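show me how the following folds:
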Amino acid sequence: FNATWDYTEVGRDVDRDGLLLARGPAASARSLPAPAGDGATTPHADRVFAATLAPGAGREWTWQIPLDPPAASSVADARFDRLPLARAAGRFAAAWRDREAGLMSIQLPEGRIDAIYRESITEILGSRYDSPNGWVQAVNKFQYQAFWLRDSAIMDVALDQAGLHRIAAQNLGFLPQWQQADGEYISRSGEQDGVGQALWELAQHATLTGSGAFARSQIPNVTAAVDWIASVSDADALGVLPPSTNFDDEFASGGRITGDNLWAAVGLRSAITLARIAGRSDLVSAWTMTDQRFEGSLDRALAADLRVHGHITPSVDQAGGYDWGNYQLAYPLPILSPNSRAVTDTLAWERQHCLQDLPIYELGPRLMHGYLGFPIFETELERGGPEIAQAVAGLYAEADHTTASGGGWELGPAGYTGRATGTDLAPHGTFAAQYVSLLHNLLVDDTGTQIQLLTGVSPAWLRPGRSIVVTGAATGAGPVSLRLKTTASGATLSWALRRRASRHEPLVWSLPYWVCHADTPAGRQVTGSVILHSDRGRLTLRWTAVRPTQSLPRSIATLDAAYRKHHRTAPLHVVADW
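The predicted structure follows:
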């Protein structure tokens, strides 16, 4: 918005500084005076269109809003008058289909989960814009029409996981704008996590596309970034990234920020992966040594932090700050083992500091955060066993707190005081991306050593007669499609992996965590998981187990009951397709 813009109404048109913003219906209307004291400027929305309808009759009015406003003129008016609604809608739909070409599709028994996935993809794609320096992956149209390395990296990886490799590649073309002369990637003062995030998204794109050419093209920039991490950590007294002051996320001042260092470790491991894909064994060896030095220092710093506080905190060397990057100990890469004591104790801390199954961000006002919990849920998925139920509960908690159209927010309200947030508005692209990634990994999880199918399925999706369908889920081995059909005594899985010739990770069907063992048609008993020895096939397993009652409607009912317990009106109402 610019306060100097001049808005005018000319006939059916609303113009701004000579640009045609909107063209109203070709129909008669009456004027509605602006109510006194409402702050509306002139001109305002002062036209009222009305019609009296006979039973069964209808009336339609059309407003035309150009995505790229042309110069206001009689020529522009005539062009819009010649463009029927159906043709405009068709052109828009065709353009959107082009953007979504190759998109992973998901069909689950709980339609609300699917709808949020679709909204999440729409939000990410709708927030991008083309600039003279390339495509910019911004966060949303309403508040964050700006660029952060952190948010864009998460969104770019989600796009790649969802099969939108062309779009992700366009976004990655903007990255060099943010690499400094010394090799660091940084988009906000004091935020040193950007270098690791940039290296991670580059390696993920190379991995999920299998493109050696892309990996080779990134070697110069990646080399500079690795050299930056090596030089600043070698000069640091603890052997990690130097102290910094962060006015966002952790709000830590003068400490060695945990999340920045975890991301640096992720970046070094990602650089090694990219070098391997590029066929640069020399760099693999050199960068492995750099990573070992850095992670050795980081392990010692984290161990000291754990001894002092009983869990990993926002800064490894001082108290204070908000929980943020310290929740990423084992995700997106397992810098610490998911089942290590440090991870276990930090998960316990988070569970003690959450509301409505979402993490508390600011401990003082106890504000919920809309997407801070996703690394926690991803870690619970990787821990496996009964903790998978916690990951599914996390997915449901996120779904419970979306808007009617499936949008997620960032920093939200305090618990049980209402559901609206006047800041960090929905839909938020980082929420959207982390939702896409979690749902992808619950259904098709590429661990780096194997491709696990259906590890994190909800019990509600396995009710007898229900189906799960996934088409085109990206993995390092190639895109995976599957269909699972359940019965009262087991399930039948059909699958297809378009495997890349260079990849040999095993394909595994993970049993539901609540199924101890199952039997194949040949009578062979399997426990935990079964290796699928071909890249395409069909297999039926029979099992006898008590299916848990976990579901989205049950999660909503629990949330509503908690509101009533706090003497608040229950906010949600379950509809049939949820």
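
and the pLDDT for R47?
Listed pLDDT for R47 reads 79.

try P66
The model's pLDDT for P66 equals 89.

so what's it closest to, chain neighbours aside?
What sits nearest to P66 in space, not counting adjacent residues and going by C-beta to C-beta, 6 or more residues apart in numbering, is L20, at 6.6 Å. C-betas here are computed from N, CA, C, even on glycine.

centroid residue for the chain?
By C-alpha atoms, centre = their mean, the chain has its centre lying nearest to A433, at 1.5 Å.

give me the helices and strands touching the host helix or strand of that residue, please.
Using DSSP states H and E, A433 sits in helix 429-443. In terms of contacts (3 or more C-beta pairs under 8 Å, 6 or more residues apart in numbering; DSSP states H and E), helix 429-443 is packed against helix 111-126, helix 149-161, helix 374-383, helix 388-400, strand 467-473.

okay if I get the ones you listed as JSON lines plus distance to L306, mean pLDDT and mean neighbour count?
Putting the helices and strands packed on helix 429-443 into JSON lines (distance: least, C-beta to C-beta, whole Å; pLDDT from 0 to 100; neighbours: other C-beta atoms under 10 Å) gives the following:
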{"stretch": "helix 111-126", "distance to L306": "35", "mean pLDDT": "97", "mean neighbour count": "21"}
{"stretch": "helix 149-161", "distance to L306": "25", "mean pLDDT": "98", "mean neighbour count": "27"}
{"stretch": "helix 374-383", "distance to L306": "16", "mean pLDDT": "98", "mean neighbour count": "24"}
{"stretch": "helix 388-400", "distance to L306": "21", "mean pLDDT": "97", "mean neighbour count": "22"}
{"stretch": "strand 467-473", "distance to L306": "36", "mean pLDDT": "98", "mean neighbour count": "19"}
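
would you format these as a markdown table with distance to V75 included?
A markdown table is the format used below for those (distance: least, C-beta to C-beta, whole Å):
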| stretch | distance to V75 |
| --- | --- |
| helix 111-126 | 29 |
| helix 149-161 | 38 |
| helix 374-383 | 50 |
| helix 388-400 | 48 |
| strand 467-473 | 44 |
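
among these, which comes closest to L283?
The closest approach between L283 and any of the helices and strands packed on helix 429-443, judged by C-beta to C-beta, belongs to helix 149-161 at 21.5 Å.

need the residues that contact that closest one.
104, 120, 124, 137, 139, 144, 165, 167-168, 171-172, 174, 178, 185-187, 191, 193-194, 197-198, 200-201, 204-205, 208-209, 249, 332, 429-430, 432-434, 436-437, 440, 473-474 (C-beta atoms under 8 Å, 6 or more residues apart in numbering).

just how off-centre is whatever helix or strand comes next after it within its chain?
Remark: after helix 149-161, the chain's next helix or strand is helix 165-172, criterion DSSP H and E. Centroid displacement of helix 165-172 relative to its chain, using C-alpha atoms, centre = their mean, to the nearest Å, is 16 Å.

what segments of the stretch 51-200 of the chain are helices?
Taking DSSP state H, counting those that start in this stretch, the helices of the stretch 51-200 of the chain run over residues 74-81, 85-99, 111-126, 149-161, 165-172, 194-209.

looking at the ones you listed, which is closest to L53?
Relative to L53, the nearest member of those by C-beta to C-beta is helix 85-99, separated by 19.8 Å.

can you list the residues that contact the closest one?
Residues from elsewhere that reach helix 85-99, judged by C-beta under 8 Å, 6+ apart: 62, 64, 125, 164, 167.

make a PyMOL selection of the buried ones in the residues you listed.
The buried residues among the contacts of helix 85-99 can be selected in PyMOL (16 or more other C-beta atoms under 10 Å) with this line:
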select buried, resi 64+125+164+167
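
rewinding a little: nearest to A275, of the helices and strands packed on helix 429-443?
With C-beta to C-beta, the closest approach to A275 among these belongs to helix 149-161: 18.8 Å.

now the closest one against helix 429-443, angle please.
Calculated by axes from the mean of the first three to the mean of the last three C-alpha atoms, to 10 degrees, helix 149-161 forms an angle of 40 degrees with helix 429-443.

quick one, helix 149-161 and strand 467-473 angle?
Between helix 149-161 and strand 467-473, the angle comes out at 110 degrees (the same axes, to 10 degrees).

the residue nearest to F214 when sequence neighbours are not counted and F147, how far apart?
Excluding its sequence neighbours, the residue lying closest to F214 (C-beta to C-beta, 6+ apart) is A206, at 5.2 Å. The spacing between A206 and F147, counted by C-beta to C-beta, to the nearest Å, is 22 Å.

on that earlier part again, and of the contacts of helix 85-99, the nearest to G384?
Proximity of the contacts of helix 85-99 to G384 was ranked by C-beta to C-beta; the top entry is L164 with 29.0 Å.

and that closest one, what does it touch?
L164 neighbours (C-beta under 8 Å, 6+ apart): 99-103, 121, 125.

quick check: bridge partners of the residue nearest to P66?
Counting by DSSP bridges, L20 forms beta bridges with D15.

list the residues that contact it.
So L20 contacts 13-14, 66, 69-73, 76-77 (C-beta under 8 Å, 6+ apart).

got TSV for those residues, with distance to H533 and neighbour count too?
Output for these, formatted as TSV (distance: C-beta to C-beta, whole Å; neighbours: other C-beta atoms under 10 Å):
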residue	distance to H533	neighbour count
D13	66	18
V14	64	20
P66	56	16
P69	58	16
P70	60	14
A71	64	10
A72	66	20
S73	67	13
A76	63	18
D77	66	18
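
specify which member of those is nearest to Y361.
Nearest to Y361 among the contacts of L20 is P69, at 38.4 Å by C-beta to C-beta.

that closest one and D15: what is the separation?
9 Å.

and A169, what pLDDT?
As predicted, A169 sits at a pLDDT of 98.

wait, doesn't it sit right on H205?
Yes - with contact defined as C-beta atoms under 8 Å, A169 counts as touching H205 (6.8 Å).

could you look up the SS state of H311?
Secondary structure, DSSP: H, G, I helix; E, B strand; the rest coil: H311 is coil.

which ones are touching it?
Contacts of H311 (C-beta under 8 Å, 6+ apart): 342, 345-346, 348-349.

isn't Q328 up against G259?
Yes - contact between Q328 and G259 holds when scored by C-beta under 8 Å: they sit 6.1 Å apart.

got a list of what I229 touches?
By C-beta under 8 Å, 6+ apart, the contact set of I229 is 195, 241, 264, 267-268, 290, 294.

low-confidence ranges, the stretch 351-500 of the chain, go.
Scanning the stretch 351-500 of the chain for pLDDT under 70 picks out no residues.

who touches both of A169 and H205?
Taking C-beta under 8 Å, 6+ apart as the contact rule, A169 and H205 both touch F214.

from the contacts of helix 149-161, keep the buried residues only.
For the contacts of helix 149-161, buried by 16+ other C-beta under 10 Å: 104, 120, 124, 137, 139, 144, 165, 167-168, 171-172, 174, 178, 185-187, 191, 193-194, 197-198, 200-201, 204-205, 208-209, 249, 332, 429-430, 432-434, 436-437, 440, 473-474.

next, the angle helix 194-209 makes with the helix or strand encompassing V232.
Using DSSP H and E, V232 falls within helix 219-234. If you take the same axes, to 10 degrees, helix 219-234 sits at 140 degrees to helix 194-209.

so what's L572 up against?
Contacts of L572 were listed using C-beta under 8 Å, 6+ apart, and they are 400, 556, 559-560.
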